[in-house]
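# Let me see the structure of the following:
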Amino acid sequence: MTHNANLGDICGIESIKLGFFREVQRKITELKKSNTTIEQKRQDVQSILDGIPDVIAVLSMDFALHSVNKAFYSTYEGIAPEGLHCYEVFKGRTEPCSSCPVTFALESSTQVARGLQILNWHGEKRQIECTASIMHTQEGKPHRVLLLQRDVTLEKQFQVKYFQAERMATIGILAEGVAHEINNPLTGIGGFAEALSLKLDELREVAALCNKTGLIEDFEEYLQTILRECQRCSDIVQNLLTFGHREINFHATINLNDVVRNSIQLLRPRLSRLSPGIVHLELSEREPVVLGHPGELMQIVLNLVLNALYAVQEAGDVTMSTQIKGNMVILQVHDTGIGIQEDHIPKLFEPFFTTKPPGQGIGVGLSTCYNIISKHGGYITVNSEPGHGATFEVILPYYSD
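This is a model prediction of the structure:
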């Protein structure tokens with residue numbers, strides 16, 4: 001009978017077992033090394049993510065938070081992300097946001113999508129740039145979403161200041177050009193009008209001989225009108241120079257009443273197209289003197305008045321008042337217009353927030369006012385109720401000798 005020998009017959013079953021266990025032990029050792037290497041790489045990646053100050057979160061395809069970095073816990077304090085969705089944590093919503101970069105990236109299959117969101121960080125409304133990036137499997141299928149949140153509030157504020165500085169520089173150049181081009185002919189007109197005034201006595205004698213005394217009265221009235229309007233044009237040019245010039249000593253003493261009057265004078269062409277008496281002035285009898293930059297203070301007044309005029313839409317009143325309370329000067333601009341929605345009030349002084357239609361405002365006016373007022377050591381408040389107008393109060397330190 002033929003017997004086929006196998007490995008057990010030749011080496012013995014014990015040798016086979018020993019070799020098998022040795023191979024298993026070798027594989028286990030290799031796996032342990034591999035796992036250690038993978039864990040070390042995972043920890044390195046997590047350390048890198050934790051070292052980034054921006055909030056980073058990995059989301060599943062149904063918007064659930066999968067993992068987050070250390071910055072998440074310091075930004076969203078007291079929130080355990082496990083089992084929650086991004087829209088619940090970031091916006092307090094029960095469904096995904098339509099304007100969210102994550103939604104846009106998923107719907108359009110875009111590799112990277114960005115968007116600016118207003119989020120509540122550390123009890124403040126902050127401008128957050130959100131970047132969503134689709135993560136794919138080895139087969140190229142969408143697997144997860146990497147979301148990065150970066151606070152750009154300070155950057156946007158600097159942008160606003162830069163845009164405003166450019167605007168003011170342009171206005172300054174324009175004002176200088178206007179002063180040069182207009183003051184010369186104004187000087188000539190005023191000079192000839194005054195020269196004609198010196199001839200009035202001779203003209204009266206001639207008119208008396210011709211029995212034309214009424215003609216002289218008309219002539220004198222016309223000359224006074226010419227001189228008065230020349231002076232008004234000169235004042236307008238001077239106000240433009242004050243508004244645009246940036247090199248005036250910041251620590252100048254300024255009567256806030258004069259700033260209000262000069263601002264209204266600049267707005268006369270616009271006010272002339274509205275109902276008569278739409279703007280009322282209630283200025284303090286005591287001089288409300290402050291330390292500051294006249295052009296910047298005029299900019300505050302102009303912004304507040306223009307916003308009030310937009311709110312009343314020719315069907316209301318705008319009242320500007322100044323008063324002194326203790327060591328503070330209060331400038332108040334009140335309108336009887338459409339009012340401000342309650343949820344809009346916290347956003348009013350945020351850069352680029354506006355309720356105006358496209359082309360009528362970019363949302364930098366009130367944020368610029370806020371920065372100017374803060375620089376002058378003051379603050380601004382607003383009270384409003386939809387349908388019942390709005391009141392803005394600017395409070396500045398009172399200057400007394």
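# low-confidence ranges in the stretch 151-300 of the chain?
Flagging of the stretch 151-300 of the chain using pLDDT under 70 yields the residue ranges 161, 164-172, 174-176, 178-180, 213, 232, 235-251.
# Please repeat the previous calculation with a cut-off of 90.
Scanning the stretch 151-300 of the chain for pLDDT under 90 picks out 151-253, 262-279, 292-300.
# Sketch out the helices for it, chain order is fine.
Secondary structure of the stretch 151-300 of the chain (DSSP state H, counting those that start in this stretch): helices located at 153-198, 200-209, 213-244, 256-266, 268-271, 294-312.
# any idea which helix or strand comes after the last one?
The first helix or strand that comes after helix 294-312 along the chain, using DSSP states H and E, is strand 318-325.
# who touches that next one?
With Cβ atoms under 8 Å, 6 or more residues apart in numbering as the test, strand 318-325 has contacts from 256-257, 260, 264, 278-284, 286, 288, 301, 305, 308-309, 312, 329-336, 398. Every C-beta, even on glycine, is put in place using the N, C-alpha and C of the backbone.
# ok, 6 Å please
Residues lying outside strand 318-325 but in contact with it, judged by Cβ atoms under 6 Å, 6 or more residues apart in numbering, are 256-257, 260, 279-284, 286, 288, 308, 330-335, 398.
# Can you select the buried ones among the residues you listed for me in PyMOL?
The following PyMOL line selects those of those that are buried, judged by 16 or more other Cβ atoms under 10 Å:
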select buried, resi 256+257+260+279+283+284+288+308+330+331+332+333+334+335+398
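# Which members of the contacts of strand 318-325 occur in strands, if any?
Per DSSP state E, strands hold the following members of the contacts of strand 318-325: 279-282, 330-335.
# what distance separates the top strand by length along the chain from the middle of the whole chain?
The longest strand of the chain (DSSP E) is strand 124-136. Centre-to-centre, strand 124-136 and its host chain are 19 Å apart (Cα atoms, centre = their mean, to the nearest Å).
# tell me which residues in that strand are buried?
Neighbour counts over strand 124-136 (16+ other Cβ under 10 Å) mark 126-134 as buried.
# from these, which single one is nearest residue 140?
Nearest to residue 140 out of the buried residues of strand 124-136 is residue 134 (Cβ to Cβ; 10.7 Å).
# My understanding was that that closest one contacts residue 142; is that so?
Yes. Contact criterion Cβ atoms under 6 Å: residue 134 and residue 142 qualify, at 5.2 Å.
# Tell me the pLDDT of residue 84.
On pLDDT, residue 84 comes in at 88.
# and the closest residue to it other than its chain neighbours, what does it touch?
Spatially, and ignoring its direct neighbours in sequence, residue 84 is nearest to residue 65 (5.6 Å; Cβ to Cβ, 6 or more residues apart in numbering). Applying Cβ under 6 Å, 6+ apart to residue 65 gives the contacts 57, 81, 84.
# And residue 65, which helix or strand is it part of?
Residue 65 belongs to strand 65-68 when assigned by DSSP H and E.
# partners of that strand, with directions?
In the sheet, strand 65-68 lines up against strand 55-59 (antiparallel) (DSSP bridges).
# ok now the partner strand, how far from the chain's centre?
For strand 55-59, the distance from its own C-alpha centre to the chain's C-alpha centre is 27 Å (Cα atoms, centre = their mean).
# Go ahead and name everything in contact with it.
Here strand 55-59 makes contact (Cβ under 6 Å, 6+ apart) with 49, 65-69, 71-72, 75, 86, 144-149.
# which one among the buried residues of strand 124-136 gets closest to residue 114?
residue 131 (5.0 Å).
# Run a quick check on the closest one versus residue 114, I expect a contact.
Yes. Contact criterion Cβ under 6 Å: residue 131 and residue 114 qualify, at 5.0 Å.
# For the helix or strand hosting residue 368, which outside residues touch it?
Taking DSSP H and E as the criterion, residue 368 maps to helix 365-375. The contact list for helix 365-375, computed with Cβ under 6 Å, 6+ apart, reads 160, 164, 296, 300, 303, 348-349, 351, 380, 394.
# got the angle for that helix vs helix 294-312?
Going by axes from the mean of the first three to the mean of the last three Cα atoms, to 10 degrees, helix 365-375 is angled at 140 degrees with respect to helix 294-312.
# related to what we said a few turns ago, could you dump the buried residues of strand 124-136 into CSV with pLDDT and distance to residue 342 added?
Formatted as CSV, these follow (pLDDT from 0 to 100; distance: Cβ to Cβ, whole Å):
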residue, pLDDT, distance to residue 342
126, 84, 20
127, 85, 21
128, 87, 23
129, 89, 27
130, 90, 26
131, 89, 31
132, 88, 31
133, 87, 36
134, 86, 38
